[in-house]
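Participant: everything below, folded, please.
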Amino acid sequence: MNNRRKLLVALGASVVAAPLACFGQQQRPKVARIGLLESASRYAKGREALSTGLRELGYVEGKNIVIVERSTDGKYERLPGLVAELLQLKVDILVAASGPAIQAAQKATTTLPIVMVATADPVGIGFVSSLAQPGRNITGLSTLNVDLSSKYLELLRAAAPKISRVAVLMDTGSVNFERRLQLIQSAGQTISVKILPVLSATASEIDAAFAAMKQERAGALIVWPSPFFRSQGQRIAKLATQHRLPSMSAFREYAESGGLMSYGQNLAEQYYRAATYVDKIFKGAKPADLPVEQPTKFELVINLKTAKALGLTNLQELLFRADKVIE
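Facilitator: Below is the predicted model of the structure:
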């Protein structure tokens, strides 16, 4: 090839390449859509924590990601419709918070990646095949609240040593609540504490639940982990104090809003950690191969103001063990 032909070929290539280069510069990067599905009211701390986790991994809302939120305000029957909405919006991944939301997402899709947050016993419920090898399109974080039955009773006994009858407020809309009830009843038998299950699934049933506790002469209350009860935490805490019931929950917000104490994992931290799963999946990892993360730290929060209102004065041991004391 002579020099003139080489020059013409080079010029021709540059003419073809120039428009392609301009086209490439005009292309916007793909904006990933993350669907956030919550079983109760919107959890602002969780949403903020998820956003923070993603931002630290290089994702900027409005530039390369969009988070689309849907919550039920405690009306679990709305979940199938909300999942359908998110799928119609063509989200690339679902972050589902709590058992009912994960279950609804699981029923709606077997292909879209689902990152679970704030759920207990994902193997027993059937969300994953095992913690090490989830095996399906679902992975994420487990709270292990199902395994804390004995701990709840131990802490209540430390606060009020004479209690022999403990009411357990349970949400009938929660996934696998019958199994949870069996576990807490078994834990009660080992220390000769009678467990009084009180069921509630709507806001209107909460007052009736406390009336039943009074009739059964309950001496303390465990508010079993539930997205609905989390959204009703302040009201439940107030009623527990009015009925002179030392009470506890897994959510630290419960103690912060007036309950006697809480013991469990920081829920906002789970949303924050969920960002790492989202990132790995966006980078090509399969949910089936990503082990489920379990909590390594549990926080004990005690509301000293509530303890004084209940006349509980011998709390030195609990205060020494507490991660946070609200005065």
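
Participant: how far is stretch 153-161 from where the chain is centred?
Facilitator: Remark: stretch 153-161 is offset 26 Å from the chain centroid, using CA atoms, centre = their mean, to the nearest Å.

Participant: could you do stretch 272-292 as well?
Facilitator: Here stretch 272-292 is found 16 Å from its chain centre; the criterion is CA atoms, centre = their mean.

Participant: cool, and stretch 300-320?
Facilitator: The answer for stretch 300-320 is 27 Å, by CA atoms, centre = their mean.

Participant: and it, end to end?
Facilitator: End-to-end distance for stretch 300-320, by CA to CA, to the nearest Å: 10 Å.

Participant: what average pLDDT does it get?
Facilitator: Mean pLDDT, stretch 300-320: 94.

Participant: buried stuff in that stretch?
Facilitator: Using 16 or more other CB atoms under 10 Å as the test for burial, stretch 300-320 gives Leu300, Val301, Ile302, Asn303, Leu304, Thr306, Ala307, Leu310, Leu312, Leu315, Leu318. (Glycine included, C-beta is placed from N, CA and C.)

Participant: what helix or strand is the third one located in?
Facilitator: If you go by DSSP states H and E, Ile302 is part of strand 299-303.

Participant: contacts for the following helix or strand past that strand?
Facilitator: Downstream of strand 299-303, the first helix or strand assigned by DSSP H and E is helix 304-309. Contact with helix 304-309 is made by 159, 237, 241, 255, 258-260, 313, 315, 319, 325-327, as judged by CB atoms under 8 Å, 6 or more residues apart in numbering.

Participant: related to what we said a few turns ago, need the contact partners of the strand holding Ile302.
Facilitator: So strand 299-303 is contacted by 155, 252, 255-256, 258-266, 315, 318-319, 321-326 (CB under 8 Å, 6+ apart).

Participant: kindly recompute the last result at 7 Å.
Facilitator: Applying CB atoms under 7 Å, 6 or more residues apart in numbering, the contact partners of strand 299-303 are 252, 255, 258-264, 266, 318-319, 321-326.
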